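Asker: no sequence on this one, just coordinates:
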């Protein structure tokens, strides 16, 4: 990754007594596809608006390409913005919408025409320049908004929940389109989303936010497999969590493992994967797809919990099975529907056992 193009340094933004952004520091590299991910109200859109210049920080600084953006107006920053609502002018054609920013800055008409054509070709709307926004589908309107931002050749493209107004199938198509666009234009993309699948499928790195703070910044696989805390673990996909207390560390040549005493699981040894060893209460997590569901217990060294099937949810490629455990609580198992005749090995109400390998667990403080 190249050096940082965008830097937030100790940024604070308050609205009354509420710190919408609370001492956030992060850096985004040249050419990165970076995602700000979190629930509604976590501060991700406010941080995006601070970078765009629509808000000013109460403390800290925003730097773009090494330049402090304090006092720099939005139109003078090297960024393009795609809003959640697309914000197209309904009385202007597609081509005039795309060229609007160039016209107001005094670019010569022949240059506007050439750059608008290039931008529309880039988003695959080259033959729709004469249409009005009302004549377009939701996906086409979103592409017009992208073209309008890209036509000014920004260093950074900022996207605020750009896919939220689209249906599920179109969202999936536009995810692929955004990745293709980033590869085509080679600029930095910064997207705000509350949709974990959007962030995981598109971004090079993700910052997970909660209550104005950044909880963890990592690549998608690192976030999913090694979440820093319970919030990140639960927000990035489904996870089964068990409380426990550290009881020591062993190293038998296969790597360090933390011994944890858990009321639900007994004593288990969990790899610490190079992380610091927690000393207080911990949570043990295992993703549902790491679990196996059996109708009878077996002795193969796996961690195992018995119970009865409470519910089965069918999602097409997978089925989610919830087991009411004999000792209290529940556990979720994600099963692949690998064959047309396939299905869960147990029906609601039947006894079943969920099992997994200790190496598939992650340990988190708290």
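Answerer: On my side now, so go ahead. Not measured: the values here are computed from a predicted model.
Asker: Could you list the buried residues of stretch 232-249?
Answerer: By neighbour count with 16 or more other CB atoms under 10 Å, stretch 232-249 contains the buried residues 232-233, 235-237, 239-242, 244, 246. C-beta here means a position set from N, CA and C on the backbone, and glycine is covered the same way.
Asker: what's the neighbour count on residue 366?
Answerer: Neighbour count of residue 366, defined by other CB atoms under 10 Å: 11.
Asker: Go ahead and confirm it touches residue 281.
Answerer: Yes - between residue 366 and residue 281 there is a contact at 6.4 Å, judged by CB atoms under 8 Å.
Asker: Give me the contacts around the helix or strand hosting residue 319.
Answerer: Using DSSP states H and E, residue 319 falls within strand 318-325. Strand 318-325 is contacted by residues 238, 264, 288-289, 293, 305-313, 330-337, 343-344, 346, 352, 354 when judged by CB atoms under 8 Å, 6 or more residues apart in numbering.
Asker: who does that strand pair up with?
Answerer: strand 303-314 (antiparallel), strand 330-336 (antiparallel) (DSSP bridges).
Asker: Residues in a beta bridge with the residue nearest to residue 278 when sequence neighbours are not counted, which ones?
Answerer: Nearest non-adjacent residue to residue 278, counting by CB to CB, 6 or more residues apart in numbering: residue 365, 4.6 Å away. Taking DSSP bridges, one obtains residue 282 as the residues bridged to residue 365.
Asker: can you check residue 330 too?
Answerer: In beta-bridge terms (that is, DSSP bridges), residue 330 pairs with residue 324.
Asker: unless I'm mixing things up, it is touching residue 309, no?
Answerer: No - the criterion here is CB under 8 Å, and residue 330 misses it with residue 309 at 10.7 Å.
Asker: middle-most residue in this protein, spatially?
Answerer: The chain has residue 199 as the residue nearest its centroid, 3.0 Å off, counting by CA atoms, centre = their mean.
Asker: Spit out the contact partners of that one.
Answerer: Contacts for residue 199 (CB under 8 Å, 6+ apart) come out as 35, 37, 191, 193, 206, 220.
Asker: repeat for residue 211
Answerer: Contact analysis of residue 211 by CB under 8 Å, 6+ apart lists 22, 42-43.
Asker: remind me which residues of the stretch 1-150 of the chain are low pLDDT?
Answerer: Across the stretch 1-150 of the chain, residues meeting the criterion (pLDDT under 70) sit at 1-3.
Asker: domain ranges for the chain?
Answerer: 4-230, 238-365 (automatic domain parsing).
Asker: How far does the last one stretch from one end to the other?
Answerer: This points to domain 238-365. 18 Å (CA to CA, to the nearest Å).
Asker: pLDDT on that domain, on average?
Answerer: The average pLDDT for domain 238-365 rounds to 88.
Asker: can you give me the strands in the stretch 1-150 of the chain?
Answerer: Applying DSSP state E, counting those that start in this stretch to the stretch 1-150 of the chain gives strands spanning 4-15, 18-29, 33-37, 59-64, 67-68, 79-82.
Asker: ok, and which of these has the densest surroundings?
Answerer: strand 33-37 (a mean of 26; mean count of other CB atoms under 10 Å).
Asker: strand partners of it, parallel vs antiparallel please.
Answerer: strand 188-193 (parallel), strand 205-210 (parallel).
Asker: mind checking which of those strands is nearest residue 255?
Answerer: Ranking the strands paired with strand 33-37 by proximity to residue 255 (CB to CB) places strand 205-210 first, at 25.9 Å.
Asker: Tell me the first helix or strand C-terminal of that closest one.
Answerer: Strand 205-210 is succeeded, C-terminally, by strand 213-218 (DSSP H and E).
Asker: just checking, what packs against that following strand?
Answerer: Here strand 213-218 touches strand 18-29, strand 205-210, helix 230-235, going by 3 or more CB pairs under 8 Å, 6 or more residues apart in numbering; DSSP states H and E.
Asker: possible to save those as TSV with distance to residue 102?
Answerer: Listed next are the helices and strands packed on strand 213-218 as TSV, based on distance: least, CB to CB, whole Å:
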stretch	distance to residue 102
strand 18-29	26
strand 205-210	32
helix 230-235	40
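Asker: so which of these comes closest to residue 126?
Answerer: Ranking those by their distance to residue 126 (criterion: CB to CB) puts strand 18-29 first, at 30.8 Å.
Asker: mean confidence for stretch 197-215?
Answerer: On average, stretch 197-215 scores 95.
Asker: Isn't residue 294 up against residue 353?
Answerer: Yes - the pair residue 294 and residue 353 qualifies as a contact (CB under 8 Å) at a distance of 4.8 Å.
Asker: Between those two, which is the more surrounded one?
Answerer: Counted by other CB under 10 Å, residue 294 and residue 353 do not tie: residue 353 has more neighbours, with 20 against 16.
Asker: got a list of what the more buried one touches?
Answerer: Listed by CB under 8 Å, 6+ apart, the contact set of residue 353 reads 293-298, 304-307.
Asker: picking up where we left off before, ok, which of the helices and strands packed on strand 213-218 comes nearest residue 101?
Answerer: Across the helices and strands packed on strand 213-218, closest to residue 101 is strand 18-29 (CB to CB), at 22.9 Å.
Asker: Need the contact partners of the closest one.
Answerer: By CB under 8 Å, 6+ apart, the list of residues contacting strand 18-29 reads 1-14, 34, 43, 46-47, 50, 57, 59-60, 188, 190, 205, 207, 209, 211-214, 217.
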